[in-house]
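Enquirer: requesting a structural model of the entry that follows:
(one chain, ligands or ions: 1)
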Amino acid sequence: MNLRVTAGRWAFFLLAALITAGCAARDAHGALFPPVAARGAVSEPGPETDEPAEAGLSTDEPADESLYHTISEYGEPEAIIDNSAPLHCYLLYPKIGIPDIDNVIAEWANNIYKDAKKEMAGLLANDSKIEGEINVQYNAYLVEDRYIGLEEVGFYSHSHLAHPIDFFKTFNIDLEGKKFIANDEILDFSRQAEVLGLLEGRLLELFPDTAGQLGDMDGSWLESIVLNHTGVDILLTRGMYLPSYLGSLKVQLTYEELGGAFILTSGKGSAPDLSEGALSPEDTFDPNRPAVALTFDDGPSRFTPRILDLLEEYGGTATFCVIGNRVKGFSDVVQRAVAQGSEVIGHSWDHKQLTNLSGESIESELVSTYDAILETAGTDLKLYRAPYGAINANVTAVSRKLGFSLVGWSVDTRDWKTRNADAVHKAIMSNKLDGQIILCHDVYESTVKAMERVIPELAAQGYQMMTVSKLLALSGAPLEAGTVYRHR
Ligand SMILES: [Zn+2]
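Expert: Numbers count the residues shown, from 1 in each chain. Sure thing, here's the model as predicted:
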(Lines give C-alpha, C1' and ligand atoms only; values in the text may rest on other atoms or scores of the structure.)
Protein backbone atom coordinates (compact mmCIF):
# COMPACT_ATOMS: atom_id res chain seq x y z
CA MET A 1 0.00 0.00 0.00
CA ASN A 2 1.45 3.36 -0.88
CA LEU A 3 1.09 6.38 1.32
CA ARG A 4 -1.14 8.25 -1.06
CA VAL A 5 -3.65 5.48 -0.93
CA THR A 6 -3.43 5.54 2.82
CA ALA A 7 -4.18 9.22 2.94
CA GLY A 8 -7.12 8.81 0.60
CA ARG A 9 -8.59 6.09 2.72
CA TRP A 10 -9.17 8.54 5.51
CA ALA A 11 -12.02 9.85 3.48
CA PHE A 12 -13.71 6.49 3.63
CA PHE A 13 -12.82 5.18 6.98
CA LEU A 14 -12.62 7.86 9.57
CA LEU A 15 -16.00 9.26 10.40
CA ALA A 16 -14.69 11.97 12.57
CA ALA A 17 -15.36 15.65 12.54
CA LEU A 18 -13.05 18.52 13.19
CA ILE A 19 -15.05 21.09 15.01
CA THR A 20 -13.37 24.17 16.32
CA ALA A 21 -14.79 27.44 17.47
CA GLY A 22 -14.54 30.09 14.83
CA CYS A 23 -13.86 27.52 12.19
CA ALA A 24 -15.91 27.51 9.04
CA ALA A 25 -16.29 23.80 9.47
CA ARG A 26 -18.77 24.25 12.28
CA ASP A 27 -21.68 23.72 9.93
CA ALA A 28 -20.15 20.65 8.40
CA HIS A 29 -21.67 18.12 10.73
CA GLY A 30 -20.34 15.31 8.61
CA ALA A 31 -16.94 16.85 8.04
CA LEU A 32 -14.18 14.30 8.08
CA PHE A 33 -11.31 14.59 10.40
CA PRO A 34 -8.42 16.01 8.42
CA PRO A 35 -6.49 13.19 6.85
CA VAL A 36 -3.36 14.94 7.93
CA ALA A 37 -0.60 14.48 5.41
CA ALA A 38 2.85 13.58 6.56
CA ARG A 39 5.35 16.30 6.09
CA GLY A 40 7.80 15.40 3.39
CA ALA A 41 5.99 12.13 2.73
CA VAL A 42 2.63 13.26 1.42
CA SER A 43 2.28 16.96 0.93
CA GLU A 44 -1.12 16.86 -0.73
CA PRO A 45 -4.20 14.85 0.04
CA GLY A 46 -4.07 11.54 -1.69
CA PRO A 47 -6.61 10.77 -4.38
CA GLU A 48 -9.49 8.63 -3.28
CA THR A 49 -8.97 5.06 -4.24
CA ASP A 50 -11.36 2.80 -6.06
CA GLU A 51 -11.30 0.41 -3.17
CA PRO A 52 -14.79 -0.22 -1.92
CA ALA A 53 -15.43 1.09 1.54
CA GLU A 54 -15.85 -1.63 4.07
CA ALA A 55 -19.34 -2.34 5.25
CA GLY A 56 -20.43 0.08 7.89
CA LEU A 57 -17.52 2.38 7.27
CA SER A 58 -18.54 4.30 4.23
CA THR A 59 -19.82 7.81 4.23
CA ASP A 60 -21.41 9.80 1.46
CA GLU A 61 -19.82 12.96 2.74
CA PRO A 62 -17.00 14.11 0.50
CA ALA A 63 -13.79 14.95 2.28
CA ASP A 64 -13.29 18.65 2.72
CA GLU A 65 -9.88 19.26 1.21
CA SER A 66 -9.42 22.50 3.10
CA LEU A 67 -9.13 20.39 6.21
CA TYR A 68 -6.14 18.38 4.97
CA HIS A 69 -3.29 19.51 7.11
CA THR A 70 -0.92 18.70 9.89
CA ILE A 71 -0.01 21.38 12.34
CA SER A 72 3.51 20.91 13.56
CA GLU A 73 4.67 24.03 15.31
CA TYR A 74 7.34 22.33 17.35
CA GLY A 75 9.50 19.21 17.16
CA GLU A 76 10.64 16.98 14.34
CA PRO A 77 8.34 14.35 12.88
CA GLU A 78 9.21 10.74 13.62
CA ALA A 79 7.41 7.86 11.94
CA ILE A 80 6.73 4.18 12.26
CA ILE A 81 6.11 3.05 8.73
CA ASP A 82 5.59 -0.58 7.85
CA ASN A 83 4.17 -1.59 4.50
CA SER A 84 4.51 -5.32 4.96
CA ALA A 85 1.39 -7.50 5.06
CA PRO A 86 -0.79 -8.05 6.95
CA LEU A 87 -0.40 -4.81 8.92
CA HIS A 88 0.15 -1.53 7.18
CA CYS A 89 1.32 1.00 9.67
CA TYR A 90 1.71 4.70 9.23
CA LEU A 91 2.17 6.35 12.59
CA LEU A 92 3.57 9.81 13.10
CA TYR A 93 4.66 11.54 16.26
CA PRO A 94 6.99 14.41 17.04
CA LYS A 95 10.37 14.39 18.71
CA ILE A 96 10.46 17.36 21.06
CA GLY A 97 14.13 17.26 22.08
CA ILE A 98 13.62 16.50 25.78
CA PRO A 99 14.64 12.83 26.23
CA ASP A 100 12.31 12.02 29.15
CA ILE A 101 9.36 13.34 27.20
CA ASP A 102 10.37 11.89 23.86
CA ASN A 103 10.74 8.44 25.41
CA VAL A 104 7.18 8.47 26.73
CA ILE A 105 5.72 9.56 23.41
CA ALA A 106 7.81 7.07 21.42
CA GLU A 107 6.85 4.27 23.79
CA TRP A 108 3.16 5.11 23.38
CA ALA A 109 3.55 4.97 19.60
CA ASN A 110 5.56 1.76 19.61
CA ASN A 111 3.06 0.04 21.88
CA ILE A 112 0.24 0.74 19.48
CA TYR A 113 2.28 -0.73 16.65
CA LYS A 114 3.46 -3.75 18.65
CA ASP A 115 0.00 -4.59 20.03
CA ALA A 116 -1.60 -4.38 16.60
CA LYS A 117 1.16 -6.44 15.03
CA LYS A 118 0.66 -9.11 17.65
CA GLU A 119 -3.10 -9.17 17.17
CA MET A 120 -2.73 -9.35 13.39
CA ALA A 121 -0.30 -12.27 13.68
CA GLY A 122 -2.90 -14.15 15.72
CA LEU A 123 -5.68 -13.40 13.23
CA LEU A 124 -3.50 -14.39 10.31
CA ALA A 125 -3.42 -17.96 11.63
CA ASN A 126 -7.16 -18.28 10.85
CA ASP A 127 -7.51 -15.92 7.94
CA SER A 128 -4.63 -15.74 5.50
CA LYS A 129 -6.27 -12.82 3.70
CA ILE A 130 -6.63 -10.54 6.68
CA GLU A 131 -5.36 -7.01 6.29
CA GLY A 132 -4.98 -4.31 8.85
CA GLU A 133 -4.03 -0.70 8.99
CA ILE A 134 -2.82 1.82 11.51
CA ASN A 135 -2.94 5.45 10.56
CA VAL A 136 -2.06 7.95 13.26
CA GLN A 137 -1.01 11.54 12.69
CA TYR A 138 -0.65 14.56 14.88
CA ASN A 139 -1.05 18.25 15.51
CA ALA A 140 1.48 19.96 17.75
CA TYR A 141 0.74 23.51 18.91
CA LEU A 142 3.35 25.77 20.41
CA VAL A 143 1.48 27.99 22.86
CA GLU A 144 3.00 31.18 24.24
CA ASP A 145 6.47 29.91 23.30
CA ARG A 146 6.36 27.72 26.38
CA TYR A 147 3.79 24.98 26.13
CA ILE A 148 3.19 22.29 23.57
CA GLY A 149 -0.23 20.84 23.06
CA LEU A 150 0.12 17.57 21.17
CA GLU A 151 -2.81 15.60 19.83
CA GLU A 152 -2.27 12.22 18.22
CA VAL A 153 -5.26 11.23 16.14
CA GLY A 154 -5.92 8.22 13.99
CA PHE A 155 -7.29 4.73 13.79
CA TYR A 156 -6.54 1.06 13.77
CA SER A 157 -8.66 -1.13 11.58
CA HIS A 158 -8.63 -4.63 10.15
CA SER A 159 -11.03 -6.61 8.05
CA HIS A 160 -12.66 -8.36 11.00
CA LEU A 161 -13.67 -5.14 12.73
CA ALA A 162 -17.12 -3.63 12.22
CA HIS A 163 -15.57 -0.20 12.26
CA PRO A 164 -12.13 1.22 12.98
CA ILE A 165 -10.90 1.81 16.49
CA ASP A 166 -10.15 5.48 16.84
CA PHE A 167 -7.01 6.65 18.59
CA PHE A 168 -7.04 9.91 20.45
CA LYS A 169 -4.12 10.67 22.67
CA THR A 170 -3.09 14.02 24.02
CA PHE A 171 0.10 15.22 25.64
CA ASN A 172 0.61 18.67 27.11
CA ILE A 173 4.20 19.68 27.70
CA ASP A 174 5.87 22.50 29.58
CA LEU A 175 9.11 23.23 27.71
CA GLU A 176 10.43 25.47 30.48
CA GLY A 177 9.83 22.92 33.25
CA LYS A 178 10.78 20.08 30.85
CA LYS A 179 7.79 18.08 32.04
CA PHE A 180 4.34 16.92 31.08
CA ILE A 181 1.48 19.05 32.34
CA ALA A 182 -1.25 17.09 34.07
CA ASN A 183 -4.81 17.79 33.01
CA ASP A 184 -5.72 19.06 36.46
CA GLU A 185 -2.99 21.67 36.10
CA ILE A 186 -4.83 23.00 33.05
CA LEU A 187 -8.43 22.83 34.24
CA ASP A 188 -9.71 23.22 37.78
CA PHE A 189 -11.24 19.80 38.33
CA SER A 190 -13.39 21.08 41.18
CA ARG A 191 -15.18 23.07 38.48
CA GLN A 192 -15.54 20.21 36.05
CA ALA A 193 -19.35 20.37 36.20
CA GLU A 194 -19.09 23.87 34.77
CA VAL A 195 -16.81 22.78 31.96
CA LEU A 196 -19.01 19.80 31.31
CA GLY A 197 -21.96 22.16 30.97
CA LEU A 198 -20.04 24.15 28.36
CA LEU A 199 -19.08 20.99 26.51
CA GLU A 200 -22.61 19.68 26.57
CA GLY A 201 -23.95 23.03 25.43
CA ARG A 202 -21.48 23.09 22.57
CA LEU A 203 -22.41 19.61 21.45
CA LEU A 204 -26.09 20.56 21.43
CA GLU A 205 -25.26 23.69 19.51
CA LEU A 206 -23.31 21.72 16.91
CA PHE A 207 -25.74 18.85 16.72
CA PRO A 208 -29.17 20.14 17.71
CA ASP A 209 -30.69 17.04 16.14
CA THR A 210 -29.10 14.92 18.81
CA ALA A 211 -30.82 16.69 21.69
CA GLY A 212 -32.00 14.03 24.06
CA GLN A 213 -29.51 11.53 22.65
CA LEU A 214 -26.51 12.78 24.61
CA GLY A 215 -25.14 10.06 26.79
CA ASP A 216 -24.41 10.64 30.42
CA MET A 217 -21.33 12.76 30.65
CA ASP A 218 -18.91 11.51 33.24
CA GLY A 219 -15.31 12.57 33.69
CA SER A 220 -13.82 10.49 30.87
CA TRP A 221 -13.61 13.50 28.54
CA LEU A 222 -10.97 14.89 30.89
CA GLU A 223 -8.55 12.25 29.61
CA SER A 224 -8.14 13.97 26.29
CA ILE A 225 -7.68 17.68 26.55
CA VAL A 226 -5.03 19.58 24.67
CA LEU A 227 -3.77 23.13 24.81
CA ASN A 228 -3.91 25.28 21.74
CA HIS A 229 -3.73 28.97 20.94
CA THR A 230 -7.25 29.98 21.85
CA GLY A 231 -8.20 27.53 24.57
CA VAL A 232 -8.32 23.79 24.88
CA ASP A 233 -9.49 21.10 22.53
CA ILE A 234 -11.45 18.27 24.05
CA LEU A 235 -11.27 15.08 22.05
CA LEU A 236 -14.24 12.76 22.24
CA THR A 237 -13.89 9.33 20.76
CA ARG A 238 -16.56 7.72 18.65
CA GLY A 239 -19.68 7.02 20.65
CA MET A 240 -18.52 8.99 23.67
CA TYR A 241 -21.69 10.90 24.64
CA LEU A 242 -22.82 11.40 21.05
CA PRO A 243 -24.34 8.83 18.71
CA SER A 244 -21.50 6.88 17.15
CA TYR A 245 -22.49 7.73 13.58
CA LEU A 246 -21.04 11.18 14.27
CA GLY A 247 -17.63 9.57 14.69
CA SER A 248 -14.88 11.07 16.78
CA LEU A 249 -14.99 14.73 17.54
CA LYS A 250 -12.80 17.56 18.58
CA VAL A 251 -14.56 20.35 20.45
CA GLN A 252 -12.81 23.58 21.25
CA LEU A 253 -13.54 25.65 24.32
CA THR A 254 -11.96 29.08 24.49
CA TYR A 255 -10.25 30.69 27.47
CA GLU A 256 -13.11 33.19 27.59
CA GLU A 257 -15.66 30.43 27.84
CA LEU A 258 -13.66 28.50 30.41
CA GLY A 259 -13.13 31.56 32.57
CA GLY A 260 -11.75 30.69 35.99
CA ALA A 261 -11.91 26.98 35.26
CA PHE A 262 -8.75 27.41 33.16
CA ILE A 263 -5.93 27.55 35.67
CA LEU A 264 -2.67 27.15 33.79
CA THR A 265 -0.92 30.37 34.78
CA SER A 266 0.22 31.48 31.38
CA GLY A 267 -1.26 30.90 27.97
CA LYS A 268 -4.51 32.66 28.74
CA GLY A 269 -6.29 34.94 26.35
CA SER A 270 -7.53 38.28 27.56
CA ALA A 271 -10.75 38.36 29.52
CA PRO A 272 -13.83 39.59 27.71
CA ASP A 273 -14.90 43.19 28.14
CA LEU A 274 -17.55 43.24 30.83
CA SER A 275 -18.55 46.86 30.40
CA GLU A 276 -22.29 47.23 30.69
CA GLY A 277 -24.52 48.56 28.00
CA ALA A 278 -25.34 52.21 28.33
CA LEU A 279 -28.99 51.88 27.44
CA SER A 280 -31.58 52.37 30.09
CA PRO A 281 -34.19 49.65 30.41
CA GLU A 282 -36.83 52.25 31.12
CA ASP A 283 -40.09 52.27 29.27
CA THR A 284 -39.99 54.57 26.28
CA PHE A 285 -42.80 53.16 24.15
CA ASP A 286 -44.15 55.37 21.39
CA PRO A 287 -47.70 54.27 20.47
CA ASN A 288 -47.36 55.84 17.04
CA ARG A 289 -44.57 53.55 15.99
CA PRO A 290 -44.68 49.79 15.28
CA ALA A 291 -43.24 47.32 17.80
CA VAL A 292 -41.63 43.94 17.32
CA ALA A 293 -39.93 41.35 19.56
CA LEU A 294 -36.79 39.62 18.35
CA THR A 295 -36.18 36.38 20.24
CA PHE A 296 -33.05 34.26 20.22
CA ASP A 297 -33.03 30.64 21.35
CA ASP A 298 -30.42 28.07 22.34
CA GLY A 299 -27.71 30.47 23.51
CA PRO A 300 -25.97 32.14 25.02
CA SER A 301 -23.12 31.53 22.64
CA ARG A 302 -20.06 33.31 21.37
CA PHE A 303 -22.38 34.99 18.82
CA THR A 304 -24.62 36.63 21.41
CA PRO A 305 -22.32 39.61 22.19
CA ARG A 306 -22.40 40.70 18.55
CA ILE A 307 -26.20 40.77 18.66
CA LEU A 308 -26.03 42.83 21.85
CA ASP A 309 -23.63 45.22 20.12
CA LEU A 310 -26.14 45.73 17.32
CA LEU A 311 -29.06 46.23 19.70
CA GLU A 312 -27.08 48.80 21.63
CA GLU A 313 -25.97 50.57 18.48
CA TYR A 314 -29.52 50.83 17.10
CA GLY A 315 -31.36 51.32 20.37
CA GLY A 316 -33.24 48.04 20.68
CA THR A 317 -33.70 45.20 23.09
CA ALA A 318 -34.54 41.52 22.58
CA THR A 319 -35.48 38.37 24.43
CA PHE A 320 -32.90 35.62 24.86
CA CYS A 321 -34.30 32.18 25.55
CA VAL A 322 -31.28 30.47 27.06
CA ILE A 323 -30.27 26.91 27.76
CA GLY A 324 -29.88 26.74 31.54
CA ASN A 325 -26.61 24.79 31.50
CA ARG A 326 -24.98 27.52 29.39
CA VAL A 327 -25.82 30.39 31.70
CA LYS A 328 -22.91 30.07 34.13
CA GLY A 329 -20.36 29.71 31.34
CA PHE A 330 -21.67 32.89 29.70
CA SER A 331 -22.52 34.79 32.86
CA ASP A 332 -20.95 37.98 31.51
CA VAL A 333 -23.09 37.82 28.37
CA VAL A 334 -26.26 37.15 30.36
CA GLN A 335 -25.50 40.04 32.71
CA ARG A 336 -24.77 42.35 29.82
CA ALA A 337 -28.04 41.45 28.08
CA VAL A 338 -30.04 42.26 31.20
CA ALA A 339 -28.07 45.43 31.89
CA GLN A 340 -28.88 46.78 28.45
CA GLY A 341 -32.60 46.17 28.88
CA SER A 342 -32.95 42.89 27.04
CA GLU A 343 -34.53 39.99 28.87
CA VAL A 344 -33.21 36.53 29.52
CA ILE A 345 -35.73 33.74 29.98
CA GLY A 346 -35.46 29.96 30.08
CA HIS A 347 -35.45 27.47 27.24
CA SER A 348 -35.03 24.42 29.51
CA TRP A 349 -31.87 23.25 31.22
CA ASP A 350 -30.51 21.07 28.43
CA HIS A 351 -32.92 21.42 25.54
CA LYS A 352 -34.88 18.29 26.23
CA GLN A 353 -38.23 17.97 24.55
CA LEU A 354 -40.51 18.57 27.51
CA THR A 355 -43.38 16.53 26.09
CA ASN A 356 -41.28 13.39 26.60
CA LEU A 357 -40.66 14.10 30.27
CA SER A 358 -42.47 13.38 33.51
CA GLY A 359 -44.03 16.26 35.39
CA GLU A 360 -41.22 16.11 37.89
CA SER A 361 -38.56 16.36 35.19
CA ILE A 362 -40.33 19.23 33.45
CA GLU A 363 -40.43 21.06 36.75
CA SER A 364 -36.72 20.51 37.27
CA GLU A 365 -35.94 21.74 33.71
CA LEU A 366 -37.84 24.96 34.35
CA VAL A 367 -36.77 25.64 37.90
CA SER A 368 -33.05 24.90 37.45
CA THR A 369 -32.92 27.29 34.50
CA TYR A 370 -34.94 29.94 36.32
CA ASP A 371 -32.56 29.66 39.27
CA ALA A 372 -29.45 29.90 37.08
CA ILE A 373 -30.76 33.09 35.45
CA LEU A 374 -31.78 34.54 38.80
CA GLU A 375 -28.40 33.79 40.37
CA THR A 376 -26.48 35.13 37.39
CA ALA A 377 -28.44 38.20 36.37
CA GLY A 378 -30.84 38.82 39.22
CA THR A 379 -33.93 38.65 37.01
CA ASP A 380 -36.87 36.45 37.87
CA LEU A 381 -39.24 36.42 34.91
CA LYS A 382 -41.65 33.52 35.04
CA LEU A 383 -41.58 33.17 31.32
CA TYR A 384 -39.98 30.54 29.12
CA ARG A 385 -39.98 29.03 25.67
CA ALA A 386 -40.33 25.28 25.37
CA PRO A 387 -37.65 23.53 23.27
CA TYR A 388 -38.98 22.92 19.76
CA GLY A 389 -42.12 24.76 20.89
CA ALA A 390 -43.33 21.32 21.97
CA ILE A 391 -46.13 21.54 24.49
CA ASN A 392 -48.72 19.10 25.78
CA ALA A 393 -51.19 19.02 28.64
CA ASN A 394 -48.46 17.90 31.03
CA VAL A 395 -46.23 20.86 30.14
CA THR A 396 -49.14 23.26 30.47
CA ALA A 397 -50.13 21.81 33.85
CA VAL A 398 -46.62 22.11 35.28
CA SER A 399 -46.28 25.65 33.90
CA ARG A 400 -49.54 26.63 35.54
CA LYS A 401 -48.52 25.05 38.81
CA LEU A 402 -45.22 26.96 38.82
CA GLY A 403 -46.72 30.18 37.52
CA PHE A 404 -44.84 30.22 34.21
CA SER A 405 -46.23 31.63 30.96
CA LEU A 406 -44.88 30.41 27.64
CA VAL A 407 -43.46 32.37 24.72
CA GLY A 408 -44.25 31.14 21.23
CA TRP A 409 -43.60 32.96 17.96
CA SER A 410 -45.45 34.26 14.93
CA VAL A 411 -42.51 34.64 12.52
CA ASP A 412 -40.25 31.61 12.14
CA THR A 413 -36.96 32.45 10.42
CA ARG A 414 -35.95 28.76 10.15
CA ASP A 415 -32.39 30.06 10.56
CA TRP A 416 -31.28 26.68 11.97
CA LYS A 417 -32.17 25.10 8.66
CA THR A 418 -31.08 27.60 6.04
CA ARG A 419 -27.95 28.84 7.84
CA ASN A 420 -28.08 31.60 5.30
CA ALA A 421 -28.10 35.30 6.15
CA ASP A 422 -30.07 36.32 3.06
CA ALA A 423 -32.75 33.73 3.75
CA VAL A 424 -33.06 34.82 7.40
CA HIS A 425 -33.21 38.47 6.40
CA LYS A 426 -35.95 37.70 3.86
CA ALA A 427 -37.91 35.52 6.29
CA ILE A 428 -38.13 38.48 8.63
CA MET A 429 -38.38 41.51 6.39
CA SER A 430 -41.02 40.08 4.04
CA ASN A 431 -43.59 40.24 6.88
CA LYS A 432 -45.73 42.90 8.42
CA LEU A 433 -44.00 42.88 11.74
CA ASP A 434 -45.97 45.12 14.07
CA GLY A 435 -46.82 43.10 17.19
CA GLN A 436 -45.00 39.97 16.02
CA ILE A 437 -42.60 37.70 17.89
CA ILE A 438 -39.71 36.60 15.69
CA LEU A 439 -37.94 33.30 16.30
CA CYS A 440 -34.16 33.22 15.72
CA HIS A 441 -31.20 31.34 17.22
CA ASP A 442 -28.12 33.16 18.45
CA VAL A 443 -25.89 30.17 17.81
CA TYR A 444 -25.27 30.60 14.09
CA GLU A 445 -22.95 33.01 12.39
CA SER A 446 -25.46 33.29 9.55
CA THR A 447 -28.07 34.61 11.99
CA VAL A 448 -25.64 37.22 13.27
CA LYS A 449 -24.91 38.24 9.67
CA ALA A 450 -28.64 38.56 9.05
CA MET A 451 -29.02 40.72 12.19
CA GLU A 452 -26.33 43.06 10.88
CA ARG A 453 -28.91 44.04 8.27
CA VAL A 454 -32.22 43.36 10.02
CA ILE A 455 -31.60 45.43 13.15
CA PRO A 456 -30.52 48.62 11.32
CA GLU A 457 -33.38 48.21 8.83
CA LEU A 458 -35.98 47.77 11.56
CA ALA A 459 -34.60 50.84 13.31
CA ALA A 460 -34.71 52.83 10.06
CA GLN A 461 -38.34 51.79 9.53
CA GLY A 462 -39.26 53.11 12.94
CA TYR A 463 -39.74 49.74 14.65
CA GLN A 464 -39.36 49.62 18.39
CA MET A 465 -37.43 46.44 19.06
CA MET A 466 -38.54 45.35 22.49
CA THR A 467 -38.64 42.38 24.80
CA VAL A 468 -41.50 39.91 24.65
CA SER A 469 -42.62 40.95 28.13
CA LYS A 470 -42.87 44.54 27.11
CA LEU A 471 -44.57 43.76 23.80
CA LEU A 472 -47.16 41.64 25.58
CA ALA A 473 -47.60 44.22 28.33
CA LEU A 474 -48.75 46.70 25.69
CA SER A 475 -51.98 44.72 25.54
CA GLY A 476 -52.68 45.75 29.11
CA ALA A 477 -53.73 42.31 30.35
CA PRO A 478 -51.53 40.40 32.80
CA LEU A 479 -49.98 37.17 31.50
CA GLU A 480 -51.62 33.94 32.52
CA ALA A 481 -49.62 30.96 33.71
CA GLY A 482 -49.67 27.97 31.36
CA THR A 483 -50.70 30.10 28.35
CA VAL A 484 -48.59 30.34 25.19
CA TYR A 485 -48.17 33.85 23.79
CA ARG A 486 -47.32 33.97 20.11
CA HIS A 487 -47.71 37.65 19.32
CA ARG A 488 -49.07 40.80 20.87
ZN1 LIG B 1 -34.19 25.56 21.00
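Enquirer: phi, psi for Ala79 please.
Expert: phi -140, psi 150 (degrees, to the nearest 10).
Enquirer: point out where this structure drops to low pLDDT.
Expert: Low-confidence segments of the chain (pLDDT under 70): 1-70, 265-284.
Enquirer: recalculate using a threshold of 80.
Expert: Scanning the chain for pLDDT under 80 picks out 1-71, 162-167, 209-223, 237-248, 265-285, 476.
Enquirer: what's the longest helix in it?
Expert: Counting residues, the longest helix found in the chain (DSSP state H) is helix 99-124.
Enquirer: secondary structure element holding the most centrally placed residue in the chain?
Expert: Ranked by distance to the mean C-alpha position of the chain (Cα atoms, centre = their mean), the top residue is Arg202 at 3.0 Å. Assigned by DSSP states H and E, Arg202 belongs to helix 192-206.
Enquirer: who's the residue lying closest to the residue nearest to the centre of the chain once chain neighbours are set aside bridged to?
Expert: Distances taken as Cβ to Cβ, 6 or more residues apart in numbering place Val251 nearest to Arg202, at 5.4 Å, with adjacent residues excluded. Where you see a C-beta, it was placed from the backbone N, CA and C, and this is true even at glycine. Legend: beta-bridge partners of Val251 under DSSP bridges are Ile234.
Enquirer: likewise Leu294?
Expert: With DSSP bridges as the criterion, Leu294 is bridged to Ile438.
Enquirer: now do the contacts for it.
Expert: Contact analysis of Leu294 by Cβ atoms under 8 Å, 6 or more residues apart in numbering lists Gly316, Ala318, Thr319, Ile438, Cys440, Met451, Val454, Ile455, Met465.
Enquirer: for the first one, grab the count of nearby residues.
Expert: By the other Cβ atoms under 10 Å criterion, the neighbourhood of Gly316 contains 25 residues.
Enquirer: look up phi and psi at it.
Expert: According to degrees, to the nearest 10, Gly316 has phi -130, psi 170.
Enquirer: give me the secondary structure label for Ile81.
Expert: On the three-state scheme (DSSP: H, G, I helix; E, B strand; the rest coil), Ile81 is labelled strand.
Enquirer: I figured it was touching Tyr90, is that so?
Expert: Yes - under the criterion of Cβ atoms under 8 Å, Ile81 makes contact with Tyr90 at 5.7 Å.
Enquirer: now restrict the contacts of Leu294 to buried residues only.
Expert: Listed as buried from the contacts of Leu294 are Gly316, Ala318, Thr319, Ile438, Cys440, Met451, Val454, Ile455, Met465; burial here means 16 or more other Cβ atoms under 10 Å.
Enquirer: Ala211: which of those is nearest?
Expert: Nearest to Ala211 among the buried ones among the contacts of Leu294 is Cys440, at 17.9 Å by Cβ to Cβ.
Enquirer: name the residues of the stretch 151-300 of the chain found near the ion, please.
Expert: Counting by Cβ under 5 Å from the ion, the residues of the stretch 151-300 of the chain close to the ion are Asp297, Asp298.
Enquirer: helices of the stretch 151-300 of the chain, start to end?
Expert: For the stretch 151-300 of the chain, the helices defined by DSSP state H, counting those that start in this stretch cover 183-186, 192-206, 255-258.
Enquirer: just the buried positions in the first one, please.
Expert: Along helix 183-186, these residues count as buried under the neighbour rule (16+ other Cβ under 10 Å): Asn183, Ile186.
Enquirer: before we move on, the earlier item: packing partners for the helix holding Arg202?
Expert: Using 3 or more Cβ pairs under 8 Å, 6 or more residues apart in numbering; DSSP states H and E, the elements in contact with helix 192-206 are strand 249-254, helix 255-258, helix 324-327.
Enquirer: now that helix, how far from the centre of its chain.
Expert: Put simply, helix 192-206 sits 7 Å off its chain's centre (Cα atoms, centre = their mean, to the nearest Å).
Enquirer: and for stretch 331-340?
Expert: Relative to its chain's centre, stretch 331-340 lies at 21 Å (Cα atoms, centre = their mean).
Enquirer: rewinding a little: dump the helices of the stretch 151-300 of the chain to TSV, plus distance to Asn420.
Expert: What follows is those, written out as TSV (distance: least, Cβ to Cβ, whole Å):
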stretch	distance to Asn420
helix 183-186	38
helix 192-206	18
helix 255-258	26
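Enquirer: of these, which approaches Leu406 most closely?
Expert: Here helix 192-206 is closest among the helices of the stretch 151-300 of the chain (Cβ to Cβ), at 20.6 Å.
Enquirer: what's in contact with the closest one?
Expert: Residues outside helix 192-206 that contact it (Cβ under 8 Å, 6+ apart): 19, 26, 29, 187, 210-211, 214, 217, 219, 221-222, 234, 241-242, 249, 251, 253, 257-258, 261, 298, 301, 323, 325-326, 328-329, 350-351, 443.
Enquirer: weed out the non-buried ones from those residues.
Expert: For the contacts of helix 192-206, a neighbour count by 16+ other Cβ under 10 Å gives the buried set as 19, 26, 187, 210-211, 214, 217, 221-222, 234, 241-242, 249, 251, 253, 257-258, 261, 298, 301, 323, 325-326, 328-329, 350-351, 443.
Enquirer: surely the residue nearest to Arg202 and Gly231 touch.
Expert: No - contact criterion Cβ under 8 Å: Val251 and Gly231 do not qualify, at 10.2 Å.
Enquirer: how is the chain carved up into domains?
Expert: According to automatic domain parsing, the chain is divided into the following domains: 3-261, 291-485.
Enquirer: export those to TSV and tack on distance to Phe285?
Expert: Formatted as TSV, those follow (distance: least, Cβ to Cβ, whole Å):
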stretch	distance to Phe285
domain 3-261	34
domain 291-485	7
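Enquirer: of the ones you listed, flag the one that's most buried.
Expert: domain 291-485 (a mean of 20; mean count of other Cβ atoms under 10 Å).
Enquirer: find the closest residue to the ion in the stretch 351-488 of the chain.
Expert: Closest to the ion within the stretch 351-488 of the chain is Pro387: 4.8 Å, counting by Cβ to the ion.
Enquirer: how near is that residue to His351?
Expert: Distance, Pro387 to His351, by Cβ to Cβ, to the nearest Å: 5 Å.
Enquirer: next one: Gly149
Expert: Distance, Gly149 to His351, by Cβ to Cβ: 30 Å.
Enquirer: Val344 against Thr379, yeah?
Expert: Yes - using Cβ under 8 Å, Val344 is in contact with Thr379, at 6.3 Å.
Enquirer: got any residues that touch both of these two?
Expert: Common neighbours of Val344 and Thr379 (Cβ under 8 Å, 6+ apart) are Val338, Ile373.
Enquirer: still on that earlier bit, of the contacts of Leu294, which pair is most distant in space?
Expert: Within the contacts of Leu294, two members stand farthest from each other by Cβ to Cβ: Thr319 and Val454, at 15.1 Å.
Enquirer: tell me which element Ile345 is part of?
Expert: Using DSSP H and E, Ile345 falls within strand 343-346.
Enquirer: and that strand, is it in reach of the ion?
Expert: No - Strand 343-346 lies apart from the ion when judged by Cβ under 5 Å from the ion; the minimum separation is 11.0 Å.
Enquirer: quick one: name the residues of the stretch 301-450 of the chain near the ion.
Expert: With the criterion set to Cβ under 5 Å from the ion, the stretch 301-450 of the chain comes near the ion through Pro387.
Enquirer: can you pull out the strands in the stretch 301-450 of the chain?
Expert: Ranges of strands in the stretch 301-450 of the chain, per DSSP state E, counting those that start in this stretch, are 319-322, 343-346, 383-384, 405-407, 411-412, 437-441.
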